[in-house]
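**Q** coordinates for the following, if possible.
(2 chains)
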Amino acid sequence: DQQVKQNSPSLSVQEGRISILNCDYTNSMFDYFLWYKKYPAEGPTFLISISSIKDKNEDGRFTVFLNKSAKHLSLHIVPSQPGDSAVYFCAASDNQAGTALIFGKGTTLSVSS
Amino acid sequence: DTAVSQTPKYLVTQMGNDKSIKCEQNLGHDTMYWYKQDSKKFLKIMFSYNNKELIINETVPNRFSPKSPDKAHLNLHINSLELGDSAVYFCASSQRARGGYTFGSGTRLTVV
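**A** Predicted coordinates:
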């Protein structure tokens, strides 16, 4: 029973273009959402987060959008760079209850130069 | 001065053995976690400790036992290892079980 779903296992984008990674969730109690980036043989590293009281959060080239009615969030990277090539994990939690992060399966992003 | 460090990074062992993975964080966080990433690449929560107290214990065989001697350390002991235990195990920490987590670099366990 996946509560956090990333339906696209991979995405290929050209350098300079926009990368859009998508994530869906099923648990309406989730109130905090995060994106993590992972390189091979390393642990996931925090990228950006958004609280359920917002619908957008921006940090440099990275923007996360949250659509609560659709239980959907997306990560936009613009412009994409070859160094962005990694696995991106979407994660969510019920922050009020202090539950552990629930992760999606990840999307492998490849940015070609 | 790694924030969350795990040892060993690689562990190859035979079925039936008992092994431990150690985790230490120097961030002053009060909550630590163990996650398992299996062959299907899912990152699944196993345990969570807050100030040395167990607060999350997902459906994990009782061959797995976490031990937290202090809030900076969370070790994972695994008894009677099975082939299905082969995975990458990640330790993580956070402050007050909220917000973003900081992960270690993982321990790749291979049971043969």
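**Q** who in chain A is up against chain B?
**A** A:32, A:34, A:36, A:41-46, A:49, A:87, A:89, A:93, A:95, A:98-103, A:105-106 (Cβ under 8 Å from any Cβ of the partner chain). Every C-beta, even on glycine, is put in place using the N, C-alpha and C of the backbone.
**Q** so which of those are in strands?
**A** Within the residues of chain A next to chain B, residues falling in strands by DSSP state E are A:32, A:34, A:36, A:45-46, A:49, A:87, A:89, A:93, A:102-103.
**Q** rebuild the residues you listed as CSV, extending it with pLDDT and neighbour count.
**A** Formatted as CSV, these follow (pLDDT from 0 to 100; neighbours: other Cβ atoms under 10 Å in any protein chain shown):
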residue, pLDDT, neighbour count
A:Tyr32, 93, 20
A:Leu34, 95, 22
A:Tyr36, 97, 25
A:Thr45, 95, 14
A:Phe46, 94, 16
A:Ser49, 94, 18
A:Val87, 97, 19
A:Phe89, 97, 26
A:Ser93, 91, 24
A:Ile102, 93, 21
A:Phe103, 95, 24
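**Q** now distance to B:Ile45 too, for these, in JSON lines please.
**A** Formatted as JSON lines, these follow (distance: Cβ to Cβ, whole Å):
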{"residue": "A:Tyr32", "distance to B:Ile45": "15"}
{"residue": "A:Leu34", "distance to B:Ile45": "14"}
{"residue": "A:Tyr36", "distance to B:Ile45": "14"}
{"residue": "A:Thr45", "distance to B:Ile45": "18"}
{"residue": "A:Phe46", "distance to B:Ile45": "16"}
{"residue": "A:Ser49", "distance to B:Ile45": "18"}
{"residue": "A:Val87", "distance to B:Ile45": "18"}
{"residue": "A:Phe89", "distance to B:Ile45": "13"}
{"residue": "A:Ser93", "distance to B:Ile45": "10"}
{"residue": "A:Ile102", "distance to B:Ile45": "7"}
{"residue": "A:Phe103", "distance to B:Ile45": "8"}
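**Q** tell me which two in these are the farthest apart.
**A** A:Tyr32 and A:Val87 (20.9 Å; Cβ to Cβ).
**Q** not counting its neighbours along the chain, what's nearest A:Gln96?
**A** Using Cβ to Cβ, 6 or more residues apart in numbering or on different chains and skipping residues adjacent in sequence, the residue nearest A:Gln96 is A:Asp31, 6.1 Å away.
**Q** what about the one you found, how many residues close to it?
**A** For A:Asp31, the count of nearby residues is 16 (other Cβ atoms under 10 Å in any protein chain shown).
**Q** give the contact list for it.
**A** Residues counted as contacts of A:Asp31 (Cβ atoms under 8 Å, 6 or more residues apart in numbering or on different chains) are A:51-52, A:93-96.
**Q** ok, of those, which come out buried?
**A** In the contacts of A:Asp31, burial by neighbour count holds for A:52, A:93-95, counting by 16 or more other Cβ atoms under 10 Å in any protein chain shown.
**Q** wait, which of those is closest to A:Phe62?
**A** Once Cβ to Cβ is applied, the member of these that ends up nearest A:Phe62 is A:Ser52, at 18.7 Å.
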